[in-house]
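1. Sharing a model prediction with you, sequence too.
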Amino acid sequence: MSRSMALLLFLVLVIGAGLAIGYLTLPGEWYAGLVKPSFNPPNWIFAPVWTILYVLIAIAGWRVWDYGLTRPQQFWWAQLILNFLWSPTFFGLKQMGLALVVMILLLIAIIGFIRTTRSFDRISALLFVPYLLWVAFAAILNASLWMLNATG
């Protein structure tokens, strides 16, 4: 398979699956009814931010695949699975606490990817920095939503 075809497949996988999961788990009325923290971003910001991040994630995944870096690939796949699990857990199951656990595991996988990649492919590691920052913010947002809306 050519390098450009492999990159295209990574982009289609990550962006396509990410957007499909987002579409299938739209926030809806339940989310609209939640008490939000003051730093909650407007809903329109999420789609463009995630689209950009998915492009960066795909490129980084393609790069470590292209270089044949096994350990970073394991972290890359782990973060992708966790990333794709979060929306169904939070919006589909409405389990904010469990979604926070998924988010923390996602942060660990992202950090693992950066740590195992930085000495072999600094570019891939750097491509994950905006993702790390956004997911850290999202974890704080998830935790805040959970605390603000806890019942009982």
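-> Everything's here; your move. Just so it is clear, the structure is predicted and the values come from calculations on it, not from any experiment. Numbers count the residues shown, from 1 in each chain.
2. Residue ranges in the chain under the pLDDT threshold?
-> 152 (pLDDT under 70).
3. Quick one: the helices in it, in order.
-> 3-11, 17-24, 28-32, 46-67, 70-87, 96-117, 122-127, 129-148 (DSSP state H).
4. Can you give the distance from the first one to the centre of its chain?
-> Its chain's C-alpha centre lies 20 Å from the corresponding centre of helix 3-11 when counted by Cα atoms, centre = their mean, to the nearest Å.
5. Need the residues that contact that helix.
-> Outside helix 3-11, the residues within contact range by Cβ atoms under 8 Å, 6 or more residues apart in numbering are 1, 55, 58, 59, 61, 62, 65, 66. For glycine as for every other residue, the C-beta is placed from the backbone atoms N, C-alpha and C.
6. so which of the residues you listed is the most crowded?
-> residue 61 (26 neighbours; other Cβ atoms under 10 Å).
7. ok, now which ones touch it?
-> For residue 61, the contact set (Cβ under 8 Å, 6+ apart) comprises 10, 14, 73, 76, 80.
8. Just give me the neighbour total for the last one.
-> This points to residue 80. Residues near residue 80, counting by other Cβ under 10 Å: 20.
9. got it, and the second one?
-> Using other Cβ under 10 Å as the criterion, residue 14 is surrounded by 24 other residues.
10. re the thing from before, just give me the closest of the contacts of helix 3-11 to residue 37.
-> Set against residue 37, the nearest of these by Cβ to Cβ is residue 55 (28.1 Å).
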